[in-house]
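Visitor: sequence plus predicted model, see below.
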Amino acid sequence: MATVRLDSIEKAYGQVRVIKGVDLDVADGEFIVFVGPSGCGKSTLLRMIAGLEDISGGDLYIGGERCNERAPKDRGIAMVFQSYALYPHKTVYQNMAFGLKLARRPKAEIETRVREAARILQMEHLLDRRPNQLSGGQRQRVAIGRAIVRDPQVFLFDEPLSNLDAALRVSTRREIAKLHADLGATMIYVTHDQVEAMTLADRIVVLDAGIVQQIGTPIELYERPQNLFVAGFIGSPKMNFLAAEIVGPDAGGLRVSSPETGELLVTDRDMQALAPGAPVTLGIRPEHLVPAEGEGGGVRAVVRLVERLGDQTLLEMETQSGATLVAKAPPERRFAPGATVALDLAAGKTHLFDRNGKAVARRKP
Amino acid sequence: MNQRTTSPTRRPRVRIDAAAAGLRLAIVIVAVVAAFPLVWMVLSSFKTPAESMQVPPVWLPATPSLDAYSEVADVINAGRSFWNSAVIATVTTAGILITSLMAGYAFAKYRFRGRDALFAVLIATMFLPPIVTLIPLYRLVTAIGLNASLLGVIVPHLANAFGIFLMRQFIAGVPDDLIDAARVDGASELRIVFSVVAPSVVPALAALTLFAFVYHWNTYLWPLTVLQGNSDDYPIVISLSRLLSYNRGAMNTHLVMAGATLAVLPPLVMFVLLQRFFVDSIVSSGVKG
């Protein structure tokens, strides 16, 4: 296993820069997930680590050695592709053995390693089949098996679950998590699915337009997003945003006001961060906006859409000022479109962003 | 209500059946017309010289005989001519397959400056009639000393614009991930072409094999030009022409037909073996184009 270091990594196609100076240190055995919207550069970054795309600027180190100019096979990596990329004319065994055969490993060693990988992935009975005789889930397991037999320093996954149906995605995701726990390997995983990112990652790298927006543990990203992009991208349904302004410092935080919420105290913020009157964006996660029991509740809105998910109910609502809010309600409560609902707001859990979209600094302990 | 809805649906089905029957009839007619010369050739090869020249023609020989076949062997060195044809067709086809695969891969999967312009020039060469390039090609072959030899017949045709075009179209459909996976596995570009890409485009390779083999088996003008009367190296198609002039051309139609029957056998066998791929490739090249 090995560390991976990205030092000011850049990628440009002619004049178009798609990766703009990425710095990242991946620890030995760490599971890192690159996440971001389509076109943010996450797959390009992974392919640059793999050696399938040239690096336009910066340095890439794998296991402490600079790898910018090395061929993919000499980087000690193995990659699992979204489309499985199994050789259609080869059997499962031959698919898994191909890399070792090219590396001129002894036949006995190839046999041992392929069978061991097949055992780990419980697919010994599939070794003689061809890819077109396998289900989607089995194909993906073969693709993972092909990576395992290479005994790489770093595993790279490029949206490996995107082609699977919902149920298979969950089970394969768990298999990958188990594989990471068993092998203790360094893994870099690209996805646009934040559930995969949140459940698999030791740390998540959020990318947008080729720039790292934030690097942190899943909970750090969820609870303390550093900017509006991360706040909006991590979490489903996404965070509600309301335009507000600073009223002034108060009791270890900042008092803010918005037409929808009235005045409220956002605690645990640097009291000197913003002057009174400064425009801010108030961020509220749907689970922190709950329909009030009885007549209470500081925010009033009209229900536009009700989505019953069984374990919870999502309400899409519109305030008098025209802002759209999404709230989570307990499943036993019933709501009808058109009804006016009062919402309890957990002010202590709200997020505050300045006019540039940056999170307002927290109070120093 | 039900009757109303079912009766209009029946009528078109009758029309479709009539159309399908008409189409089948047309196909049968075209097939008969196309097969007629071939059947006539085979039947005539079993006739006596008198029967083969008879007016009005006789369809079936009164006593089918193989005499014409043994006589062909007396007039021309059939074994040598077949060998020459086999060498020309096989080596040229193998060359075309290799160069088309490699160039098609480059055009389909590499990004390089001027790629599309170069491909357009290549396609343009497909529209040049072979007669236009005959003299320049002959002068080139002579200049490098390959005239009057089988090498001179073969070398200029080892690469073929149509083959490159066909391969490019098919290889473009091979997923990039498959090629990237092979690179990660440590395969060289040559290895990728022959171990990963080629097995993925087998129908196109089979079609190209058939196309190239039949074309170069039957080719007449270029070997005739470049061999400069070196009859030892004549392919069977040129040797057949000697049957026409043999015995001052009198009453030897049955001989020509016997020779021609022998000459069409190898391409015919190849077509029967590969026709499935040939049809597949023509159909799918239209879809993938």
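Guide: All right, it came through fine. Nothing here was measured: the structure is a model prediction, and the numbers come from that model.

Visitor: quick one, domains of chain B?
Guide: Under the assignment automatic domain parsing, the domains of chain B span B:2-45, B:74-288.

Visitor: typed the wrong thing, it's chain A
Guide: According to automatic domain parsing, the domains of chain A span A:4-227, A:237-353.

Visitor: of all those domains, which lies closest to chain B?
Guide: Smallest distance to chain B across the domains of chain A (CB to the nearest CB): 3.4 Å, for domain A:4-227. C-beta coordinates here come from the backbone N, C-alpha and C atoms, glycine included.

Visitor: please see if the closest one touches chain B.
Guide: Yes - interface with chain B: domain A:4-227 contributes A:47, A:50-52, A:71-73, A:77-79, A:81-89, A:98-99, A:102-103, A:146, A:150 (CB under 8 Å from any CB of the partner chain).

Visitor: residue A:216 reaches residue A:201, doesn't it?
Guide: No - counting by CB atoms under 8 Å, residue A:216 stays clear of residue A:201, with 9.6 Å between them.

Visitor: have a look at those two and say which one is more surrounded.
Guide: Per other CB atoms under 10 Å in any protein chain shown, whichever of residue A:216 and residue A:201 has more neighbours is residue A:201, with 23 against 19.

Visitor: spit out the contact partners of the more buried one.
Guide: Residue A:201 makes contact with A:31, A:32, A:33, A:189, A:217, A:218 under the criterion CB atoms under 8 Å, 6 or more residues apart in numbering or on different chains.

Visitor: what about 7 Å?
Guide: A:31, A:32, A:33, A:218 (CB atoms under 7 Å, 6 or more residues apart in numbering or on different chains).

Visitor: with adjacent residues omitted, what lies nearest to it?
Guide: residue A:33 (3.9 Å; CB to CB, 6 or more residues apart in numbering or on different chains).

Visitor: before we move on, which element is that neighbour in?
Guide: Per DSSP states H and E: residue A:33 is located in strand A:31-35.

Visitor: again, but for residue A:327
Guide: strand A:324-329.

Visitor: how far is that strand from where the chain is centred?
Guide: Centre-to-centre, strand A:324-329 and its host chain are 23 Å apart (CA atoms, centre = their mean, to the nearest Å).

Visitor: tell me which residues in it are buried?
Guide: A:325, A:326, A:327, A:328, A:329 (16 or more other CB atoms under 10 Å in any protein chain shown).

Visitor: helices or strands up against that strand?
Guide: strand A:289-291, strand A:313-319 (3 or more CB pairs under 7 Å, 6 or more residues apart in numbering or on different chains; DSSP states H and E).

Visitor: return the most buried member of those strands.
Guide: strand A:289-291 (a mean of 22; mean count of other CB atoms under 10 Å in any protein chain shown).

Visitor: pLDDT on the next helix or strand after it, on average?
Guide: Counting by DSSP H and E, the next helix or strand C-terminal to strand A:289-291 is strand A:299-308. For strand A:299-308, mean pLDDT rounds to 93.

Visitor: what's the answer for stretch A:43-52, then?
Guide: 96.

Visitor: CA atoms of that stretch as CSV?
Guide: Provided in CSV are the C-alpha atoms of stretch A:43-52 (Å, rounded to 0.1, in the frame of the first residue of the first chain):
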residue,chain,number,x,y,z
SER,A,43,-12.8,11.6,-13.4
THR,A,44,-10.1,13.5,-15.2
LEU,A,45,-8.2,13.8,-11.9
LEU,A,46,-8.5,10.1,-11.3
ARG,A,47,-7.3,9.3,-14.9
MET,A,48,-4.3,11.6,-14.3
ILE,A,49,-3.4,9.6,-11.2
ALA,A,50,-3.8,6.4,-13.3
GLY,A,51,-1.6,7.7,-16.1
LEU,A,52,-4.4,7.7,-18.7
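
Visitor: can you give me the buried ones in stretch A:65-79?
Guide: Buried, per 16+ other CB under 10 Å, within stretch A:65-79: A:67, A:72, A:73, A:75, A:76, A:77, A:78, A:79.

Visitor: sorry, back to before: the residue nearest to residue A:201 and residue A:331, how far apart?
Guide: Separation of residue A:33 from residue A:331 (CB to CB, to the nearest Å): 30 Å.

Visitor: those two - which one has more neighbours?
Guide: Looking at residue A:33 and residue A:331 with other CB under 10 Å, you find the greater number of neighbours at residue A:33, namely 25 against 12.

Visitor: so who does that one touch?
Guide: Contacts of residue A:33 by CB under 7 Å, 6+ apart are A:189, A:191, A:197, A:200, A:201, A:204, A:205.

Visitor: over to residue A:138?
Guide: Residue A:138 touches A:123, A:126, counting by CB under 7 Å, 6+ apart.

Visitor: check which helix or strand it maps to.
Guide: helix A:136-149.

Visitor: for that helix, buried residues please.
Guide: Under 16+ other CB under 10 Å, the buried positions of helix A:136-149 are A:137-149.

Visitor: what of stretch A:109-117?
Guide: A:110, A:113, A:114, A:117.

Visitor: chain A contacts on the stretch 51-200 of chain B?
Guide: B:175, B:177-178, B:180-181, B:183-187, B:196, B:199-200 (CB under 7 Å from any CB of the partner chain).

Visitor: if you set the cut-off to 8 Å instead, what comes out?
Guide: Near chain A, when you scan the stretch 51-200 of chain B using CB under 8 Å from any CB, you find B:175, B:177-178, B:180-187, B:191, B:196, B:199-200.

Visitor: list buried residues within those.
Guide: If we count by 16+ other CB under 10 Å, these have these buried: B:177-178, B:180-187, B:191, B:196, B:200.

Visitor: for the residues you listed, work out which two are farthest apart.
Guide: The largest separation in those, counting by CB to CB, is between B:186 and B:200 at 18.8 Å.

Visitor: quick one: strands adjacent to the strand holding residue A:327?
Guide: Sheet pairing for strand A:324-329, assigned by DSSP bridges, gives strand A:313-319 (antiparallel).

Visitor: so what touches the partner strand?
Guide: By CB under 8 Å, 6+ apart, strand A:313-319 touches A:237, A:259-260, A:286, A:291, A:299-307, A:324-331, A:333, A:335, A:341, A:343.

Visitor: can you pull the buried residues of whatever helix or strand residue B:141 lives in?
Guide: Assigned by DSSP H and E, residue B:141 belongs to helix B:130-143. Neighbour counts over helix B:130-143 (16+ other CB under 10 Å) mark B:137, B:138, B:141 as buried.

Visitor: how far does the helix or strand just after that helix sit from the chain's center?
Guide: Later in the chain than helix B:130-143, the nearest helix or strand by DSSP H and E is helix B:150-154. Averaging C-alpha positions (CA atoms, centre = their mean) puts helix B:150-154 18 Å from its chain's average.

Visitor: for helix B:150-154, list the C-alpha coordinates in PDB.
Guide: Presented in PDB, the C-alpha positions along helix B:150-154 are these (Å, rounded to 0.1, in the frame of the first residue of the first chain):
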ATOM      1  CA  LEU B 150       5.300 -11.600 -57.400                       C
ATOM      2  CA  LEU B 151       6.600  -9.000 -54.900                       C
ATOM      3  CA  GLY B 152       5.900  -6.300 -57.400                       C
ATOM      4  CA  VAL B 153       2.300  -7.500 -57.600                       C
ATOM      5  CA  ILE B 154       1.900  -7.700 -53.800                       C
END
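
Visitor: what's in contact with it?
Guide: By CB under 8 Å, 6+ apart, helix B:150-154 touches B:84, B:87-88, B:91-92, B:95, B:141, B:146, B:222-223, B:226-227, B:233, B:235.
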